[in-house]
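Visitor: I would like to see how this sequence folds:
(one chain, ligands or ions: 2)
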Amino acid sequence: MATPFNPPSADGKPTVPRWAAPEPTKEDLDWASLHSIDLSLLDSSDPKVVGDLVELTKTAIRDDGFLYLTNYGVSLDQLHRQFDLAQYLHSNISEEDKERLLWNPKSGLFAGFKRKLGWQREAGQFDGIEQFNFYRGEFEDQENCVPECIKPFMDEITSFSNYLTYSVNYRLLKLLSRALELPDDYLWENIQSQGGPVGDGYFRHALFYPLLGEDKERRKGVRMYGHTDYGTTTLLFSVPVTALHIWSRKNKWQPVKYNPGALVVNIGEALEIISGGHFKATKHKVTDTPADQEHCERLSLVQFNASAGDLRLAPAVASPLLQREGFVLDQGVFREYKKLIDAGVDVPTNKEWREIQIATRSQVPPEKRTGGIQEINGVKYGADEFFGVKVLLPV
Ligand SMILES: O=C(O)CCC(=O)C(=O)O
Ligand SMILES: [Fe+2]
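Guide: Ligands and ions are numbered 1, 2, ... in the order given. Next comes the predicted model:
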């Protein structure tokens, strides 16, 4: 049995106001129909139950690349405490700390504080998205690298991030290794970056302020343009303010419905490549909210799990699934990697791949990307290119 999350106590710490979950939207939207995976079933002593779980996971990540994960060991109360802390950080971080801990994406990391003025370091136009990102460095040197106001609570944040990595992601990668019919520890041992609460990945406290008037007009409904995540798995906590959309199997953008307490898990590019395209790194974006949530602040907690930095990824041809069924070349980064591999050209290392994107990918609409517009099966895409790898985003 997996041990449930058991966080350090809040006793003797400054009082933290409770986060009040906004009312879910009442609009009847064209929701993405995602499968739900009950992670506790992985502990079942009945092989049929576990076998069915692996099958359902396989279906979910082949169909959607996104799934809801439930019963993963964190209670709703414990989760809401983490939202309290994220809200506290954004309400109490001093101007001095914002400046001192300002992020520098040119470094290839999103570490530290992002102001609500544009994506890169220099002040740009208001996008209303504030973030604090905890990388390895923030966890290791808390004295110098995290906001003063959050220091008393770093034990709780560290233990949460540790649980997400060493329990939730560990079990998830086991399930995904089984879907590839590989040994249980295959993805954890060979692909996942290691060390500390987040390996080479990061834990994020993001706050989306309402976007109104001219600012809203300018962004044309998009808060964060379509993209795929580059790591192994991304653990997004399902939030009441509707804004996350996925490019679904119906070839259209569909919103993800609030599922209290659930994790919204998406597959990163690393696993798409390793699985030879069987697992989908699905494009997703963050949009304006429905009208009845227009004035809501959207707090979003995310753990981005990263692949080992020095690896140059190739499909795991030892997988019986791949041997039986071959590659899936429908979409995405795997198809592009395969072109390079077939041509005998080195693909980038994982570290190079994520750092170039963080350092250079800016928040511009797909139709204004450097690689121009392409039409595939009647859908128009804007293109970027990094290391000879084309990245396509639906216009
Ligand atoms: O806040 C969200 O729901 C998603 C954010 C996201 O996709 C990302 O930062 O990669
Ligand atoms: Fe993302």
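Visitor: now stretch 7-16: average pLDDT?
Guide: Summarised as a single mean, pLDDT over stretch 7-16 is 98.
Visitor: sorry, that was for stretch 289-297
Guide: Stretch 289-297 comes out at a mean pLDDT of 97.
Visitor: residues contacting it, please?
Guide: The contact list for stretch 289-297, computed with C-beta atoms under 8 Å, 6 or more residues apart in numbering, reads 22-23, 25-27, 29, 207-210, 212, 241-243, 288, 298. Where C-beta positions appear, they are placed from N, C-alpha and C, glycine not excepted.
Visitor: could you rerun that using 7 Å?
Guide: 22, 25-27, 29, 207-210, 241-243 (C-beta atoms under 7 Å, 6 or more residues apart in numbering).
Visitor: now do stretch 54-72
Guide: Residues outside stretch 54-72 that contact it (C-beta under 7 Å, 6+ apart): 34-40, 168, 175-176, 178-179, 246, 248-249, 259, 262-267, 278-282.
Visitor: near ligand 1, which residues of the protein are found?
Guide: Residues of the chain lying close to ligand 1 (C-beta under 6 Å from any ligand atom) are 206, 224, 229, 236, 244, 284, 286, 300.
Visitor: and F327, how far from ligand 1?
Guide: Counting by C-beta to the nearest ligand atom, to the nearest Å, the gap from F327 to ligand 1 is 26 Å.
Visitor: helix/strand/coil for that residue?
Guide: Put simply, F327 is coil when judged by DSSP: H, G, I helix; E, B strand; the rest coil.
Visitor: contacting residues around it?
Guide: Applying C-beta under 7 Å, 6+ apart, we find F327 in contact with 276-277, 315, 338.
Visitor: confidence score at it?
Guide: For F327, pLDDT reads 97.
Visitor: and G128, how many neighbours?
Guide: By other C-beta atoms under 10 Å, the residues close to G128 number 18.
Visitor: any idea how far the closest residue to it other than its chain neighbours lies from ligand 1?
Guide: Excluding the flanking residues, the one nearest G128 by C-beta to C-beta, 6 or more residues apart in numbering is Y209, at 4.0 Å. Per C-beta to the nearest ligand atom, Y209 is found 13 Å from ligand 1.
Visitor: any idea how far G201 is from Y209?
Guide: As judged by C-beta to C-beta, to the nearest Å, Y209 and G201 stand 25 Å apart.
Visitor: which of the contacts of F327 sits closest to ligand 1?
Guide: G277 (20.9 Å; C-beta to the nearest ligand atom).
Visitor: is the residue in the stretch 101-250 of the chain positioned nearest to ligand 1 bridged to anything, and to what?
Guide: At 4.0 Å from ligand 1, L244 is the closest residue in the stretch 101-250 of the chain, using C-beta to the nearest ligand atom. L244 has these beta-bridge partners by DSSP bridges: V286.
Visitor: is it true that it touches K283?
Guide: No: at 11.7 Å, L244 and K283 do not qualify as touching, with contact defined as C-beta atoms under 7 Å.
Visitor: and stretch 38-48, what's buried?
Guide: The neighbour-count check on stretch 38-48 (16 or more other C-beta atoms under 10 Å) flags 39-42 as buried.
Visitor: run the chain-centre distance for it.
Guide: 25 Å (C-alpha atoms, centre = their mean, to the nearest Å).
Visitor: ok, residues contacting stretch 271-278?
Guide: Contacts to stretch 271-278, defined as C-beta under 7 Å, 6+ apart, come from residues 62, 176, 180, 191, 232, 279-281, 313, 315-316, 321-322, 327-330, 332-335, 337.
Visitor: re earlier: narrow the contacts of stretch 54-72 to just the buried residues.
Guide: By 16+ other C-beta under 10 Å, the contacts of stretch 54-72 give 34, 37, 39-40, 168, 175-176, 178-179, 246, 248, 259, 262-267, 278-282 as buried.
Visitor: tell me the contacts of the residue lying closest to L301 once chain neighbours are set aside?
Guide: Counting by C-beta to C-beta, 6+ apart, L301 lies nearest to F237, which is 4.7 Å off, once chain neighbours are set aside. Counting by C-beta under 7 Å, 6+ apart, F237 makes contact with 79, 263, 301.
Visitor: among those residues, which are located in helices?
Guide: L79 (DSSP state H).
Visitor: name the nearest of the contacts of F237 relative to L53.
Guide: Using C-beta to C-beta, L263 comes nearest to L53 of the contacts of F237, at 15.5 Å.
Visitor: once you drop chain neighbours, what's closest to that closest one?
Guide: In this structure, L263 finds its nearest non-sequential neighbour in L69, 4.2 Å apart by C-beta to C-beta, 6+ apart.
Visitor: can you confirm that neighbour is in a helix?
Guide: No: read with three-state DSSP, L69 is strand and lies in no helix.
Visitor: before we move on, back to that, dump the contacts of F237 to JSON lines, plus pLDDT and distance to I150.
Guide: Shown next, in JSON lines, are those (pLDDT from 0 to 100; distance: C-beta to C-beta, whole Å):
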{"residue": "L79", "pLDDT": "98", "distance to I150": "18"}
{"residue": "L263", "pLDDT": "98", "distance to I150": "23"}
{"residue": "L301", "pLDDT": "98", "distance to I150": "14"}
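Visitor: name whatever forms a beta bridge with the residue in the stretch 251-395 of the chain that ligand 1 sits nearest to.
Guide: Relative to ligand 1, the nearest point of the stretch 251-395 of the chain is S300 (3.7 Å; C-beta to the nearest ligand atom). Assessed by DSSP bridges, S300 has beta-bridge partners A206.
Visitor: pretty sure it contacts V239?
Guide: Yes: between S300 and V239 there is a contact under C-beta under 7 Å: 5.6 Å.
Visitor: on that earlier part again, count of neighbours near the residue of the stretch 101-250 of the chain closest to ligand 1?
Guide: 24.
Visitor: got it, and the one 10 residues further on?
Guide: Burial of Q254, expressed as a neighbour count using other C-beta under 10 Å, amounts to 18.
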